[in-house]
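Visitor: A structural model of the following input is requested.
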Amino acid sequence: MALFEGSVYSEALQMRTRLTVYLPVDNNPDMEGQKTLYLLHGLMDGCDSWLFNTNICRYAQEKNMAVIMPEGHRGFYSNIPLGGSYFTYIHEELPALCKKMFCINSSPERTMIAGNSMGGYGALKNFLTSPQNYGGGCFAFSPVISMEELEKVLPNRKKDFDVRTIWSLDGAERKEDNLYELARQFPKSLPGPYITCGTEDFLFPQNIDFHNFLIQNGIAHSFDQKPGIHEWQYWENALHEVFDRLT
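Guide: Numbering: from 1, shown residues only. Presented below is the predicted three-dimensional model:
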């Protein structure tokens, strides 16, 4: 295996930004069969959080999978009016950079995206915007669904910024950032995302509402609810289950 922990310069962000990449090159050099997973972190974490809190490297090695773990800071993987263009970076610039810099399979049918909490929102947003880029699937663990609802339930210690200003200066959520709007445009002929959330998670009501919305609009997807809260143990278990299902 090979593990890269460093930084790259992003034109979209106009700065250097951290990047963690796992490459399963030692045991299986089969590039044609290799998969690529873009794995996004949550609001309180960083690009190395999956390494510290889960067995992602072991799972990826077993499945011959490269894992790209970018730094999203606190930008909700969105283009911020007075900040960085995080969506452009993740959606457009990062795949091109990784294809150039690392030995990965960049074919859409072998490419997946996943994330937890804020990263779950980012995974869903990227997938619903361009499902053709992630033919391998989308996996969202305890994702943020509604920005308006998120602001209502954030603990006081996390309210050091107004989450609405991330999406627009006037606080109104743009259509390109609204998962419900994106889902309405999602082709019903394609397989949808996999979503899981703990039943005691403060984001569970958002996830149930979105699950019901997808059902009502005929969008194929998988929804898994189990006892659990908003924590790494739940996401480690969910990650393990997802990898067990992958061929």
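
Visitor: low-confidence ranges, this structure, go.
Guide: Filtered on pLDDT under 70, the chain yields the residue ranges 26-32, 155-165, 167-172.

Visitor: what about the strands in it?
Guide: Applying DSSP state E to the chain gives strands spanning 2-10, 15-23, 35-40, 65-70, 111-116, 137-141, 194-198, 222-226.

Visitor: can you add mean neighbour count and distance to residue 239 and give those back as TSV?
Guide: In short, each C-beta sits where N, CA and C put it, glycine included. Shown next, in TSV, are the strands of the chain (neighbours: other Cβ atoms under 10 Å; distance: least, Cβ to Cβ, whole Å):
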stretch	mean neighbour count	distance to residue 239
strand 2-10	14	17
strand 15-23	19	13
strand 35-40	26	9
strand 65-70	26	11
strand 111-116	28	8
strand 137-141	27	7
strand 194-198	25	10
strand 222-226	15	12
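
Visitor: reformat those strands as TSV; add distance to residue 129.
Guide: Compiled in TSV, these are given as follows (distance: least, Cβ to Cβ, whole Å):
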stretch	distance to residue 129
strand 2-10	19
strand 15-23	21
strand 35-40	13
strand 65-70	17
strand 111-116	11
strand 137-141	11
strand 194-198	16
strand 222-226	20
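
Visitor: and those strands: which comes nearest residue 232?
Guide: strand 111-116 (8.2 Å; Cβ to Cβ).

Visitor: so what does the closest one touch, helix or strand wise?
Guide: Packing partners of strand 111-116 (3 or more Cβ pairs under 8 Å, 6 or more residues apart in numbering; DSSP states H and E): strand 35-40, helix 118-129, strand 137-141, helix 232-245.

Visitor: go with 6 Å
Guide: strand 35-40, helix 118-129, strand 137-141 (3 or more Cβ pairs under 6 Å, 6 or more residues apart in numbering; DSSP states H and E).

Visitor: paired strands for that strand, with orientation please.
Guide: Note on strand 111-116: by DSSP bridges, its sheet partners are strand 35-40 (parallel), strand 137-141 (parallel).

Visitor: select, out of those, the one closest to residue 75.
Guide: Closest among the strands paired with strand 111-116, using Cβ to Cβ: strand 35-40, at 11.0 Å.

Visitor: not counting the closest one itself, show me its contacts.
Guide: 50, 65-69, 72, 104-105, 110-115, 119, 122-123, 136 (Cβ atoms under 6 Å, 6 or more residues apart in numbering).

Visitor: looking at it, residue 218 is touching residue 188, isn't it?
Guide: Yes. Here residue 218 reaches residue 188: they are 5.3 Å apart, a contact under Cβ atoms under 6 Å.

Visitor: okay, now residue 134: neighbour count?
Guide: For residue 134, the neighbour count with other Cβ atoms under 10 Å is 25.
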